[in-house]
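>>> Following is a predicted model, sequence given first.
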2 protein chains.
Amino acid sequence: MVTIGDVAKAAGVSRSTVSYALSGKRSISPEVRERVETVIRSLNFTPNAGARALATSQTNVIALLAQFLTDEFAPAMLQYILGVTDRARELGYDTLMVTEEDGVKALKRISDSRMVDGFVLLNVAEHDERLNLLRTAVQPGALIGLPSDPHGLDVFDLDFAAAGRLMVDRLYGLGHREMVLVSQPQHVVERGGAYVWRLANAAHSRAEELGARLHTYFGASAQPEIGADLHRFLDAHPGATGLLLNNEAAAAALPSVLQTRHLRAPDDLSVIGRYSDDFARTFSLPYSAVDSAAAELGRRAVEQLVRHIENHTSDHVVELIPPVITERGSVGAPPPAHDLR
Amino acid sequence: MVTIGDVAKAAGVSRSTVSYALSGKRSISPEVRERVETVIRSLNFTPNAGARALATSQTNVIALLAQFLTDEFAPAMLQYILGVTDRARELGYDTLMVTEEDGVKALKRISDSRMVDGFVLLNVAEHDERLNLLRTAVQPGALIGLPSDPHGLDVFDLDFAAAGRLMVDRLYGLGHREMVLVSQPQHVVERGGAYVWRLANAAHSRAEELGARLHTYFGASAQPEIGADLHRFLDAHPGATGLLLNNEAAAAALPSVLQTRHLRAPDDLSVIGRYSDDFARTFSLPYSAVDSAAAELGRRAVEQLVRHIENHTSDHVVELIPPVITERGSVGAPPPAHDLR
DNA sequence: CTGAAAGCGCTTACAG
DNA sequence: CTGAAAGCGCTTACAG
């Protein structure tokens, strides 16, 4: 391989000069710089990453810890991942993708061996075992997902509570007084998926404040079970004119459920979901929805992480992205029979 | 940080002894080994990855180059990725996930800087620009996807030609004599997605051999366009009793298309697709299909790559996985009106 | 503006 | 069975 020594020899300068020409950390005479750069190009020299990491204690790599839980909707993960890898690259970092089952073990191994400059954690649970380890690690960490105790870490998440309120407000404002909310399955909550109840609780409180009725349910996270669930929930509340979905599988199953029931949105039922625009596009889902902002969350997490790595800050942030509804025309006034009574 | 020197000092031995205790590359007296291991544990020593890479020219990292093309069905990618990352970890390797637009540039940067020991390429096109570079790289490379010239590289792919024949054979054997094949969009082919015509051509030849009629079409790769496409294709061939799908979006759209047309599979129309079991599960697709074997291909690519990295072989392989149909009960005899004539 | 040298934390021939 | 030392390819104070 061609080393910095080869470049130095060919350019007739010292290795330090080549190094400084590369980094720009001290001034170099134009002629020498020109000569060095020419040689670098002609020899196709690229610094050895391991050597550089050893000398600088910087790897220019971040780790992305993602867990693929069988009951989570996997395709939704891809947007977060792409948000992270793409933004990291723009900022000069490569991404080590870690999908090990045992996140604690993986974190320890990678942190201790100094393979990366920082961590982005996906799928953060309310009481996440990885967090204590991450707090003691020498590398900074950014989370996508709000844990109960975020101290010492940077946290990015959708403001699920605000999302719940927004969904209720949107339908209430159009005249809906009875609604059904379908959440992720209960075991997602039990595993620490706090976003489920953050949205549900806030939606419930807001409905109460407004004097509207909101029936909340856990639905399955896969087809065809979720289809049967949806039928059951709708059967149970014939007076409900609004449907709120915090469950990707439910959104994907809804078109055929509505078709079977001969219902159209928004004429017969107003529907509002919570999923990514990309998900909507892939499955051509016709429902207005609070955007998950997956790629955006991935990007912000990386940006903050890099800020820490490069010492532009030592403060920690908890950023909850305000919910935004992407309108797709599935919400409207309730049908006349159910009009404001 | 705790270094090998700290361990050596605490154990009262030389650094080389600690190193050898770690690697097992030379025999150590039981007492010394015991002592060293105790210290390693108590000091929580993990070797510095950069230093080790510099000394050994081995990083224990592989790169996974994935391109997320907007017209490709992104969720299908995840299975390949997980197959790669999980198997790599089992074999002692971490995975650098590279999603850069410019695959050639990324490959060059990562190869030249010696960040990884090998490459796995996803989305390999027929005439893939990355391949020449990969052939000259010092690190070995394994491809998922068959290019026109695989020399000097390891290739893993589904045997799409055999898949095409198998799909036709399966329906022909049940009595179908007129079928429709819906492929990915034409621009996927133009970009070098050879699997599209490999399946289509083989299916076509086999149909011809058998004296059956096969109408082949390119369909959109997104909803709702693909739904309209499907209606169009079915309208054009009222006598067709079998439908072959080499297009994930088409499979996802088909249930509602059939519902609209009041058709049931297999009673009115036999349907056979080509997609992953995971995809089928996620969307509860009720159609028998040739499994994409995504995770399996990812695993095999990694295994062969590691074999090269660790010098267990210098031979190159082209492995085309034989197609296997996962039966889901969507194929049967043609309806009476269309029976063997 | 530039060079010689030390040092990053490992591994591995070399020597005993 | 074990240790002292060289070397991997960089960066960066130190000196001029």
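Okay, I see it.
>>> Now the residue in the stretch 1-150 of chain A that DNA strand C sits nearest to: which helix or strand?
For the stretch 1-150 of chain A and DNA strand C, the shortest gap (Cβ to the nearest atom of the strand) falls at A:Ser27, measuring 2.5 Å. Backbone N, C-alpha and C define where each C-beta goes, glycine included. Under the criterion DSSP states H and E, no helix or strand holds A:Ser27.
>>> For it, list the residues it contacts.
A:Ser27 sits next to no residue when contact means Cβ atoms under 8 Å, 6 or more residues apart in numbering or on different chains.
>>> Look up how far A:Ala21 lies from it.
Note on A:Ser27: its distance to A:Ala21, by Cβ to Cβ, to the nearest Å, is 10 Å.
>>> what sits against A:Arg328?
The neighbours of A:Arg328, taking Cβ under 8 Å, 6+ apart as the test, are A:280, A:285-289.
>>> thinking again about what came up before, any idea how far the residue of the stretch 1-150 of chain A closest to DNA strand C is from DNA strand D?
A:Ser27 sits at a distance of 11 Å from DNA strand D (criterion: Cβ to the nearest atom of the strand, to the nearest Å).
>>> and if you look at A:Ser276?
For A:Ser276 relative to DNA strand D (Cβ to the nearest atom of the strand), the value is 39 Å.
>>> next one: A:Leu174
Going from A:Leu174 to DNA strand D by Cβ to the nearest atom of the strand gives 60 Å.
>>> Check the secondary structure at the residue lying closest to that residue once chain neighbours are set aside for me.
Of all residues beyond its chain neighbours, the one nearest A:Leu174 is A:Ala333 (5.2 Å), with distances taken as Cβ to Cβ, 6 or more residues apart in numbering or on different chains. Three-state call for A:Ala333 (DSSP: H, G, I helix; E, B strand; the rest coil): coil.
>>> got it, and A:Gly273?
Assigned with three-state DSSP, A:Gly273 falls in the strand class.
>>> residues near it, how many?
Other residues near A:Gly273 come to 29 when the count uses other Cβ atoms under 10 Å in any protein chain shown.
>>> For it, name its beta-bridge partners.
Beta bridges link A:Gly273 to A:Ala289, judged by DSSP bridges.
>>> Residues in contact with the helix or strand hosting A:Ala88: which ones?
Taking DSSP H and E as the definition, one finds A:Ala88 inside helix A:77-90. Residues outside helix A:77-90 that contact it (Cβ under 8 Å, 6+ apart) are A:62, A:64, A:66, A:68, A:94-95, A:97, A:120, A:122, A:144, A:276, A:278-279, A:292, A:294-299, A:301-303, A:306, B:68, B:74-75, B:77-78, B:97-100.
>>> mind running it again at 6 Å?
For helix A:77-90, contacts defined as Cβ atoms under 6 Å, 6 or more residues apart in numbering or on different chains pick out A:62, A:64, A:95, A:120, A:122, A:276, A:278, A:294-295, A:298-299, A:302, B:74, B:78, B:97, B:99-100.
>>> low pLDDT regions in the stretch 201-341 of chain A?
Across the stretch 201-341 of chain A, the ranges flagged by pLDDT under 70 are A:338-341.
>>> Residue numbers of it in contact with chain B?
Contact residues, the stretch 201-341 of chain A versus chain B (Cβ under 6 Å from any Cβ of the partner chain): A:223-224, A:284.
>>> What of the stretch 51-200 of chain A?
A:51, A:53-54, A:74-75, A:78, A:85, A:89, A:94-97, A:99-100, A:112-115.
>>> Tell me which of those residues fall in strands.
A:94-97 (DSSP state E).
>>> buried ones in stretch A:164-183?
Under the neighbour-count criterion of 16 or more other Cβ atoms under 10 Å in any protein chain shown, stretch A:164-183 has A:164-168, A:170-172, A:175-183 buried.
>>> phi, psi of A:Asn311?
Backbone torsions of A:Asn311, given as degrees, to the nearest 10, read phi 60, psi 30.
>>> For it, grab the count of nearby residues.
8.
>>> just A:Asn44 next, same as before
By other Cβ under 10 Å, neighbour count at A:Asn44 equals 9.
>>> Relative to B:Gly141, how far out is it?
Going from A:Asn44 to B:Gly141 by Cβ to Cβ gives 19 Å.
>>> hmm, back to that, closest to A:Val39 out of the ones in strands among the residues of the stretch 51-200 of chain A next to chain B?
A:Asp94 (26.1 Å; Cβ to Cβ).
>>> does the closest one really touch A:Val61, like I thought?
Yes: in this structure A:Asp94 lies within contact range of A:Val61 using Cβ atoms under 6 Å: 4.9 Å.
>>> the more surrounded of those two?
Applying other Cβ under 10 Å to A:Asp94 and A:Val61 shows that A:Asp94 carries more neighbours, namely 25 against 22.
>>> that older thread, so which of the contacts of A:Arg328 wins on neighbours?
In terms of neighbours by other Cβ under 10 Å, those top out with A:Ala289 at 27 neighbours.
>>> for it, what are its contacts?
Applying Cβ under 6 Å, 6+ apart to A:Ala289 gives the contacts A:273-275, A:326.
>>> Could you do A:Asn48 as well?
Residues counted as contacts of A:Asn48 (Cβ under 6 Å, 6+ apart) are B:Arg114.
>>> Show me what counts as buried in stretch A:266-275.
Going by 16+ other Cβ under 10 Å, stretch A:266-275 has these buried residues: A:266, A:268-275.
>>> just the CA coordinates of that stretch, formatted as CSV?
C-alpha atoms of stretch A:266-275 as CSV (Å, rounded to 0.1, in the frame of the first residue of the first chain):
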residue,chain,number,x,y,z
PRO,A,266,-64.2,10.8,5.1
ASP,A,267,-67.9,10.5,4.1
ASP,A,268,-68.8,7.7,6.5
LEU,A,269,-65.8,7.8,8.8
SER,A,270,-63.0,10.2,9.3
VAL,A,271,-59.6,8.6,9.6
ILE,A,272,-56.3,10.0,10.9
GLY,A,273,-53.1,7.9,11.4
ARG,A,274,-49.6,8.3,12.6
TYR,A,275,-47.0,7.0,10.2
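>>> about what we covered before: wait, which of the contacts of A:Arg328 is closest to B:His127?
A:Ala280 (34.4 Å).
>>> And the residue lying closest to that closest one once chain neighbours are set aside, how close does it get to A:Leu254?
Spatial nearest neighbour of A:Ala280, chain neighbours left out: A:Ala289 (6.4 Å); criterion: Cβ to Cβ, 6+ apart. Counting by Cβ to Cβ, the gap from A:Ala289 to A:Leu254 is 11 Å.
>>> now A:Tyr20
A:Tyr20 is 62 Å from A:Leu254, where distance means Cβ to Cβ.
>>> Now do the helices in chain A.
A:4-11, A:15-23, A:30-43, A:49-56, A:77-90, A:103-112, A:130-136, A:160-173, A:186-190, A:194-210, A:225-236, A:248-260, A:277-282, A:294-309 (DSSP state H).
>>> May I see the buried residues of the fifth one?
It stands for helix A:77-90. Within helix A:77-90, the residues scored as buried using 16+ other Cβ under 10 Å are A:77-89.
>>> can you tell me how far the residue nearest to A:Leu174 sits from A:Asp267?
Here the criterion is Cβ to Cβ. By it, A:Ala333 lies 10 Å from A:Asp267.
>>> and if you look at A:Ala249?
For A:Ala249, the distance to A:Asp267 equals 24 Å [Cβ to Cβ].
>>> what does A:Val180 give?
Taking Cβ to Cβ, one finds A:Val180 at 17 Å from A:Asp267.
>>> again with A:Val7
71 Å.
>>> same check, this time on A:Val302
Per Cβ to Cβ, A:Val302 is found 43 Å from A:Asp267.
>>> hmm, back to that, can you tell me how far the residue nearest to A:Ala280 sits from B:Gly5?
In this view, A:Ala289 and B:Gly5 are 57 Å apart by Cβ to Cβ.
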